[in-house]
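S.K.: Predicted model follows, preceded by the sequence.
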Amino acid sequence: MAESTATGRQTAGSARAPSSFFVSLLGVAASLALTFIGLTAITFAIGRVMPADPVLAIVGDRAPQDVYDQVYQQLGLDKPIYVQYLRYLGQLSEGDLGVSIMTARPVMDDILRFFPATLELATIATLLGVLVGIPMGVFAAVNQGRWPDHVVRIVGLIGYSVPVFWLGMVALLIFYAKLGWVAGPGRLDVYYDGIVDPVSGILLIDAAMVGEWDIFKNAASHLVLPASILGTFTLAYIARMTRSFMLDQLNQEYILTARVKGASEHAVIWRHAFRNVLVQLITIIGLTYASLLEGSVLTETVFAWPGIGQYITNSLFNNDMNAVLGGTIVVGVCFVGINMLSDLLYRLADPRVR
Amino acid sequence: MAATGTLRAWLLAEAPGSSSQARLQRMYLGWLSLSRNPIAMIGLVIVAGLVVAAAIAPWITGSDGLQPDLPNRLRAPGGKHWFGTDELGRDIYDRIIWGSRITLYIVGLVSVIVVPIGLVIGIISGYIGGIVDSFLMRFTDIFLAFPRLILAMAFVAALGPGLENAVLAIALTTWSPYARIARAEALTLRNSEFILAAQVQGVSTAGILFRHVAPLCTSSVIVRLTLDMAGIILTAAGLGFLGLGAQPPTPEWGAMISLGRQYLIDQWWVPTVPGLAILVVSLGFNLLGDGLRDVLDPKSGN
């Protein structure tokens, strides 16, 4: 998914005529709006059109006719479909995603409670991917065709091919059950639960703010395994892209010039080539970050991590459509938003695109 | 020996005598360059192994992988049961082999849905251009921007769990890159001379699109498809693991992991073997796709 968006953007970028930054900004805003319309149209279709009878889904099939009619009108089903859709958009713009059947709370409140856990997991996973993946990619490019290159390539391909939920289970078996190096599923051990007030909802930050270092350590010990598992794909992807970007740069003439001038190999790699690669990597990192927010669904299930992915999955099994679609919209909006933001950052950072 | 020598000479002739000879020559040259790439060959062997295993499944298995055999439940690997038995005493090796048919069915069905849709939208968009292009590409971009697994989950939630619905959901979130690729190819072909020649001869637009433009997109589409296979297999297995894809007792590998999960600590082989099967097969497709890209699509290679 991440890769496909990248290629899509590249073709879109080359087809567009060179124009001022603000015109392209307008273009980004327009496509952002269109994507949101598309996203909401699909969730609307799934929620209101696809089920055979949304009223029966609410009142059950033994409700009397007058109750049925009342709900029918409350849902606005007597109105034309586009009116229903506009009404739906209006509710969304107020942050109204409906009420969850499972928790009996507004879906938006639920999501705000579950989201920080996912954010924490995805952020640490991305950090791991960046901190390990970039040096790996540079190392492979510098040693192109020799064994470090092959090792990085094979590690990358395995990271692409492994089912994360399975890898998570095996990792839990080895590092938690057999070796006992890390804490098990969940975010905290039971006896630490509820001691720290959720301020940001991100346990590492909350615990550090009030100086509860025991809790901080416990939270970190719970976090390290799921974050590493979730980070495998990011690591593989970033290492691979860094390698190919780096090779592009190393084959260019300015690198030759720098070498002829007598610049040290270290300076050639990190100060000349890598600086240009960094700009391209912004988009890649943004894309993987966004895909992690959604990719965490499976990891969260395996590690009993109380994030948005688990919320959506649990709601799904309880036929809680409001919660499922609300979660889909929130993840979709974040996904699209981060993609667009990294695109903008790229334009700001690269003078040729500007 | 003499016959193979002539065949080889015919395949490598400087000036092909017919268009079918030219086509076979191109395939032969591609094969030569692919077979020199050890990584791609490993991938090809794995994928070929999957296809063969699926084809001859009835002859290489001892059971249909569905019948419970409770006295033999949770047997460790070895002896009669190479990969052990699962919680109902079914032979895991047999289930893996039968499951290869399901994996092929999933990737086959997704490809059959995704490639024609993407190809048609892409070549129309690229060849006709103008407002049609803008409209179709905005439409494509919308699908390109969606989170894949979550959307597939929402679709399955609405349509109900099951293998076919999972395939449909994956297809709906997979077709858009193919439209992008086909459009890019069509854009470069649009102003080439042979297309102009066809136009002058009075070939209809549809004829040009499907006889002349579409065949030239196939190589980049095939490369992309091979590289996508691993992603499709992993998404399907993920849906199966969540209980949204194939339903028990179907020997789908993701669902097998999900069922075997509770036996992980004491009977590790139950969930581990299907996981390894998924890993090996998607690695095979990735290795093959990487190699195919170097052969068929040299411009996008390293």
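M.R.: Thanks, I have it.

S.K.: which residues sit against the helix or strand bottoming out on mean pLDDT in chain B?
M.R.: When the helices and strands of chain B are scored by mean pLDDT, DSSP states H and E, helix B:2-11 comes last with a mean of 75. With contact meaning CB atoms under 8 Å, 6 or more residues apart in numbering or on different chains, helix B:2-11 is reached by B:21, B:24, B:25, B:28. Every C-beta, even on glycine, is put in place using the N, C-alpha and C of the backbone.

S.K.: And for stretch A:188-203?
M.R.: Identification of contacts with stretch A:188-203 by CB under 8 Å, 6+ apart yields A:113, A:115-117, A:119-120, A:183, A:187, A:205-207, A:209-210, A:212, A:214-216, A:218-219, A:222.

S.K.: Show me how to select, in PyMOL, the buried members of those.
M.R.: Buried residues within those, by 16 or more other CB atoms under 10 Å in any protein chain shown, are selected in PyMOL with:
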select buried, chain A and resi 113+115+116+117+119+120+183+187+206+207+212+215+216+218+219+222
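
S.K.: The contacts of stretch A:188-203 in helices, which ones?
M.R.: A:113, A:115-117, A:119-120, A:205-207, A:209, A:214-216, A:218-219, A:222 (DSSP state H).

S.K.: nearest to chain B, of these?
M.R.: residue A:115 (13.6 Å; CB to the nearest CB).

S.K.: Could you double-check that that closest one sits in contact with residue A:308?
M.R.: Yes. The criterion here is CB atoms under 8 Å, and residue A:115 meets it with residue A:308 at 5.4 Å.

S.K.: Could you name every residue contacting both of these two?
M.R.: Counting by CB under 8 Å, 6+ apart, the residues touching both residue A:115 and residue A:308 are residue A:330.

S.K.: Could you pull up the residues touching residue A:218?
M.R.: With CB under 8 Å, 6+ apart, residue A:218 has these contacts: A:183, A:188, A:189, A:192.

S.K.: Pull out the buried residues from those.
M.R.: Among the contacts of residue A:218, the ones that count as buried by 16+ other CB under 10 Å are A:183, A:188, A:192.

S.K.: Geometrically speaking, which residue is the centre of the chain?
M.R.: Using chain A. residue A:293 (2.4 Å; CA atoms, centre = their mean).

S.K.: Actually, chain B is the one I wanted.
M.R.: Short answer for chain B (CA atoms, centre = their mean): residue B:229, at 3.7 Å.

S.K.: how near is it to residue B:28?
M.R.: Distance from residue B:229 to residue B:28, counting by CB to CB, to the nearest Å: 24 Å.

S.K.: so where's the stretch 151-300 of chain A shaky on pLDDT?
M.R.: For the stretch 151-300 of chain A, applying pLDDT under 70 flags the ranges A:194.

S.K.: what does it have sitting close to chain B?
M.R.: By the rule CB under 8 Å from any CB of the partner chain, the part of the stretch 151-300 of chain A lying against chain B is A:153, A:157-158, A:160-167, A:169-170, A:172-173, A:177, A:244, A:247, A:290-291, A:293-295, A:297-298.

S.K.: For residue A:102, what are phi and psi?
M.R.: The phi/psi pair for residue A:102 (degrees, to the nearest 10) reads phi -70, psi -50.

S.K.: same thing with residue A:78?
M.R.: Residue torsions, per degrees, to the nearest 10, at residue A:78 are phi -80, psi -10.

S.K.: and it, what is it in contact with?
M.R.: residue A:72.

S.K.: What separation is there between it and residue A:98?
M.R.: 19 Å.

S.K.: and if you look at residue A:111?
M.R.: Taken as CB to CB, the span from residue A:111 to residue A:98 is 11 Å.

S.K.: who touches both of those two?
M.R.: Common neighbours of residue A:111 and residue A:98 (CB under 8 Å, 6+ apart) are residue A:326.

S.K.: more neighbours, the two?
M.R.: For residue A:111 versus residue A:98, the count of surrounding residues by other CB atoms under 10 Å in any protein chain shown is larger for residue A:111: 22 against 18.

S.K.: Residue A:333 and residue A:39 touch, don't they?
M.R.: Yes. Under the criterion of CB under 8 Å, residue A:333 makes contact with residue A:39 at 7.4 Å.

S.K.: Neighbour count for these two, which is higher?
M.R.: residue A:39 (22 against 16).

S.K.: Alongside chain A, which residues does the stretch 1-150 of chain B contribute?
M.R.: Checking the stretch 1-150 of chain B against chain A by CB under 8 Å from any CB, the hits are B:39, B:137-150.

S.K.: Which two among the residues you listed are spaced furthest apart?
M.R.: B:39 and B:138 (38.3 Å; CB to CB).

S.K.: out of the two, which sits in the more crowded spot?
M.R.: Per other CB under 10 Å, whichever of residue B:39 and residue B:138 has more neighbours is residue B:39, with 17 against 14.

S.K.: quick one, what contacts the more buried one?
M.R.: A:153, B:287, B:290, B:291.
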